[in-house]
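quick one: sequence and predicted model below, then my questions.
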Amino acid sequence: MPVEPRPVLKLIKVQDAGIKDGSTVLVRVDYNVPMKDGAVADDTRIRESRKTVKYLLDKKCKVVLIAHFGRPKGKVDPKYTLKPVVSPVEKIMGARVHFGEDCVGEAAAKAIAGAKAGEIVLLENLRYHAEEEKNDEKFAKELSRNGQYFVQEAFGALHRAHASTGAIAKFMSGSIGFLVQKELEYLEKVMSNPARPFVAVIGGAKVSDKIGVLYSLIDRVDSILIGGAMAYTFLSAQNNNTGKSLVEPEKIDEAKKIILKAFKNNVELLLPSDHVVVKEIKEGAKKESTQSMAIADDWIGVDIGPRTEMMFAERIKAAKTLFWNGPLGIFETPDFAGGTQAVARAVSEATRSGAVSVLGGGDTVSALKVSGIKPEQVSHCSTGGGASLEFMEGKTLPGIEALSKN
Ligand code: AMP
C-alpha cells in the first residue's frame, strides 16, 4: 500500500549554523539519566551529546547546557537536582563544568559570566519551573538570554512541545546537534526508503502504548513479529486461551483491527507459537514451555518459547531493515530473558550481514545490554523511546517542527 510521503522539513545542522568562534551557545541536552544512590547509573545520554559539546568547545565557545530531570512538577525539589550530572559531564567532555543554581535569571547569568571560553555551564533542572512544560513564551524568552545561538540536542524530549523544545525557537536562531542529526537520519532511513525485507519486532507490556506505531508499521513492513505481554492481547483476539497472562481486554478489538489490516496489506503478522510459562513471577520459579499457542488456566506467559525464538530469529536474520521496540518477555528476571536475548543476538547477526537495524530507546536498549550485545553491534540505538516511537508513528515531532520554522 502506498505510504503518504513525509513532509520535508528544513533544519539547520550545528556545523552549518555559522556559529562564531568564542560565542556563548545554549544547548538543550537530554540528561534525564538513570540515577542510583544519588549518582548517574548510565551515562549513555551524556556520552551521546559529546560530539556536539566538543565541537563547540573546540571553537572556544562557552557551552551552556539546559536539561530536565525527572518530574519535579514545577517546583524546586532537591530530589531532582542536576548536580550529580556535573562530574560525569566534566569527565566525558574533558572540560571544567560550572553549575548554575537556576536555568534563568541572575543565578544563570552569574554562572555563565563566571565561565571562560572553552568551558561548560550546566544550569539547574528546567522543570523546576512550571512554565517549561507549559511551553510558556515568556519563560522561553528568559532562557534565550543564556546564549547567542541555540542548539537542539535533546532528541529524547522532542516529542514534547515545551519551552526548551518549542517556544525557544521563536527567540533564537536554532540548529540541530550531531545526535539529533544521527537519530533523524536512521529513523528516516527506516521509515522512508527501507531495504527489503523490512522486519519489525514489537514487544513490551502494553498494546495501548504501541497502537499508533503498529498501524504505521503495517503500512511499511514486510513482517511484524509481536512478543512480550502485548502478544497475549493479540492471541486473545484470536480466541486463544492465555491463562493468567497480562491481557488488556479493552484492547482486544483494536488488536483484531490490526490483524485485519495486516492481512489486507499482505503483511506477515507473527505471534508466538509457544511460550515460557510459570505459576508465579519470580526468579527460580518452576517454568515450562507450552506445546502450542494456548496457555493453560493457572499459568502466566513470561517469555516467548523456544520454537518462537527460532521462528523470529529466522525472519530477523533474513531482514535488510529492522526496527525493534520492546522486550519479548520479562527480561529483568534472568530466567525469563531467553527470548529477548535470542532476538538481540539475531539482530546483531543481521546487522553484521549488512542489515540496517534501529532500536527504540529505554527498555529495548537495556534489553540489548542484558543480552551481552553492545550498542555498536546494531546500526543505531535511539536515545529516545517516546520520541522514536512517535517518529515511527509518522508524526512530526513538535521539537523538530518548532526549529524548522525559524
Ligand atoms: P514497554 O515499556 O512497553 O516496552 O514494556 C517493557 C516491559 O514489558 C518490561 O518491563 C517487561 O518486563 C514487560 N514485559 C515483557 N513481556 C512481559 C510479559 N510476558 N508479562 C509481563 N510483562 C512483560
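Alright, I've got the coordinates.

from here on, contacts and neighbour counts on C-alpha atoms
OK.

quick one: the strands in the stretch 301-406 of the chain?
With strands called from DSSP state E, counting those that start in this stretch, the stretch 301-406 of the chain shows them at 321-325, 356-359, 380-381.

could you measure from the residue in the stretch 1-150 of the chain that the ligand sits nearest to over to residue 160?
Proximity of the stretch 1-150 of the chain to the ligand (Cα to the nearest ligand atom) peaks at residue 34, 15.0 Å away. Distance check for residue 34 against residue 160: by Cα to Cα, to the nearest Å, it reads 20 Å.

report the closest residue of the stretch 51-200 of the chain relative to the ligand.
residue 200 (13.9 Å).

A helix includes that residue, no?
No - secondary structure of residue 200 (DSSP: H, G, I helix; E, B strand; the rest coil): strand, not part of a helix.

so what's it up against?
With contacts defined as Cα atoms under 8 Å, 6 or more residues apart in numbering, residue 200 is in contact with 217, 221, 223, 224, 225, 322, 323, 324.

if we go to 7 Å?
By Cα atoms under 7 Å, 6 or more residues apart in numbering, residue 200 lies in contact with 221, 223, 224, 225, 322, 323, 324.

neighbour-wise, which one of the residues you listed leads?
The most crowded member of the contacts of residue 200, judged by other Cα atoms under 10 Å, is residue 322 (30 neighbours).

now that residue, nearest residue through space, not along the chain?
Excluding the flanking residues, the one nearest residue 322 by Cα to Cα, 6 or more residues apart in numbering is residue 357, at 4.5 Å.

so who does the one you found touch?
With Cα under 7 Å, 6+ apart, residue 357 has these contacts: 321, 322, 323, 351, 378, 379, 380.

what do you get if the cut-off is 8 Å, keeping everything else the same?
Contacts of residue 357 (Cα under 8 Å, 6+ apart): 321, 322, 323, 324, 347, 351, 378, 379, 380.

and stretch 150-162, how far out from the chain middle?
Distance of stretch 150-162 from the chain centroid (Cα atoms, centre = their mean, to the nearest Å) equals 12 Å.

angle of the helix-or-strand element of the chain with minimal mean pLDDT against strand 321-325?
Here the helix or strand of the chain ranked lowest by mean pLDDT, DSSP states H and E is helix 363-370, holding a mean of 88. Per axes from the mean of the first three to the mean of the last three Cα atoms, to 10 degrees, the angle that helix 363-370 makes with strand 321-325 is 100 degrees.
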